[in-house]
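Q: Have a look at this fold, sequence not included:
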């Protein structure tokens, strides 16, 4: 049986429509895959954030316990681990502020010294962690920012090094390390 041109035209039109629909289906499937990947990424981010909030709450609770027991130094060291940006409850904020005021001056120099010791012992990851604690307690310490930048540089992380060096220059222009 031979198809006439007249009979073949509708078949060709349907074939083109099927091809177009298959392309649309493929595009939609790709979008579904992209959205599923985004959902997975957001779920991971949410889990990480939840873990960080729990960690933060645990350190704040520890600081409160030490403070109430009269262990000011231990309370201050726990406070160095607390990120106040994660505190949303007003009562927790009040407790944080009270303990902070009464402990920061006791521990900040020790933490800074631990950072310098780690830096001098080529333990740059630990140095970065210590200097970041210093900044959580007192963000006016430009020298801590410099040491973080220098540690990243010595670790070969040029992006983070540049970020912290620029931060020293822009945010702490009178720091001894600017222009050094």
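A: Ah, there it is. Treat the numbers as computed from the prediction; the structure is a model and nothing was measured. Numbers count the residues shown, from 1 in each chain.

Q: can you tell me the helix or strand for the residue nearest to residue 115 when sequence neighbours are not counted?
A: Of all residues not flanking residue 115 in the chain, residue 130 sits nearest, at 3.3 Å (C-beta to C-beta, 6 or more residues apart in numbering). For glycine as for every other residue, the C-beta is placed from the backbone atoms N, C-alpha and C. Using DSSP states H and E, residue 130 sits in helix 124-137.

Q: name the helices or strands packed onto that helix?
A: helix 90-120, helix 142-155 (3 or more C-beta pairs under 8 Å, 6 or more residues apart in numbering; DSSP states H and E).

Q: thinking again about what came up before, wait, the residue nearest to residue 115 touches residue 110, no?
A: No - Residue 130 is not in contact with residue 110 according to C-beta atoms under 8 Å; the separation is 9.6 Å.

Q: Could you report the pLDDT at residue 179?
A: If you check residue 179, the pLDDT there is 60.

Q: Next: residue 12.
A: 78.

Q: returning to that earlier point: show me which of the helices and strands packed on helix 124-137 has the highest average neighbour count.
A: Compared across the helices and strands packed on helix 124-137, helix 142-155 shows the largest average neighbour count, a mean of 22 (mean count of other C-beta atoms under 10 Å).

Q: can you list the residues that contact it?
A: Residues lying outside helix 142-155 but in contact with it, judged by C-beta atoms under 8 Å, 6 or more residues apart in numbering, are 112, 115-116, 119, 122, 124-125, 127-128, 131-132, 134-135, 158, 160-165, 167-168, 171-172, 175-178.

Q: Could you tell me the angle between the direction of the helix holding residue 130 and that of helix 90-120?
A: For helix 124-137 against helix 90-120, the angle by axes from the mean of the first three to the mean of the last three C-alpha atoms, to 10 degrees is 140 degrees.

Q: relative to helix 142-155, how tilted is helix 124-137?
A: Using the same axes, to 10 degrees: helix 124-137 against helix 142-155 is 160 degrees.

Q: Could you check helix 124-137 and say which residues are buried?
A: 124, 126, 127, 128, 129, 130, 131, 132, 133, 134, 136, 137 (16 or more other C-beta atoms under 10 Å).

Q: Equivalent analysis for stretch 74-90, please.
A: Across stretch 74-90, burial judged by 16+ other C-beta under 10 Å covers 74, 75, 76, 77, 78, 79, 80, 81, 82, 86, 87.

Q: how about those residues, which pair is most distant?
A: Largest separation among the buried residues of stretch 74-90 by C-beta to C-beta: 74 and 86, giving 20.7 Å.

Q: ok, residue 171 - contacts?
A: 142, 145 are the contacts of residue 171 under C-beta under 8 Å, 6+ apart.

Q: What separation do you get for it and residue 112?
A: Using C-beta to C-beta, to the nearest Å, residue 171 is found at 18 Å from residue 112.
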